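*Asks:* when you get a sec, could you give me coordinates for this:
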Amino acid sequence: GLPQNAASTVGHEGGPRDDDGKRQRHRMTKELLLEERKAAWEAKGYQARRIGEVYAVMQLVETCERVERMNLASLLDLYKGFDLPLEPGLEREELVTLMKQM
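*Replies:* Have a look, this model is predicted:
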């Protein structure tokens, strides 16, 4: 028969094959969750699949959401920080759009 320690490698619970299965399930679950997240970002208008790198998309989304929460004075300060010409009559929504494109 098989040596006692070899028997654990043929798929008994807790053996190496079981660990491989757990790792594979974990990886597949993570990939599924990331794909669902990308789909949600795409639905909001972010080009998550084109960007590809999940952490880059997360940073982009976070920055855009922060810009969307800014008041007009903060948006103007941010805009001026890019040394862009300040056009008279720029409205908040225009500034949000401009800042999200940068």
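*Asks:* residues in contact with the nearest residue to R49 once chain neighbours are set aside?
*Replies:* Closest residue to R49 apart from its sequence neighbours, by Cβ to Cβ, 6 or more residues apart in numbering: K38 at 5.7 Å. The way it works is simple: take the backbone N, C-alpha and C, and place the C-beta from them, glycine included. Remark: with contacts taken as Cβ atoms under 8 Å, 6 or more residues apart in numbering, K38 is in contact with A48, R49, V54, V57.
*Asks:* quick check: the spatially most central residue of the chain vs G21, distance?
*Replies:* Within the chain, the residue whose C-alpha comes closest to the C-alpha centroid is M58; the distance, by Cα atoms, centre = their mean, is 3.2 Å. Per Cβ to Cβ, to the nearest Å, M58 is found 29 Å from G21.
*Asks:* and what of S74?
*Replies:* S74 sits 51 Å away from G21, going by Cβ to Cβ.
*Asks:* how many residues are close by the nearest residue to L34 once chain neighbours are set aside?
*Replies:* The shortest distance from L34 to any residue that is not its chain neighbour, by Cβ to Cβ, 6+ apart, is 5.5 Å, and that residue is V54. V54 is surrounded by 15 other residues when neighbours are defined as other Cβ atoms under 10 Å.
*Asks:* circling back to that earlier point, buried only: go through the contacts of K38 for me.
*Replies:* Neighbour counting over the contacts of K38 (16 or more other Cβ atoms under 10 Å) leaves A48, V57 as the buried ones.
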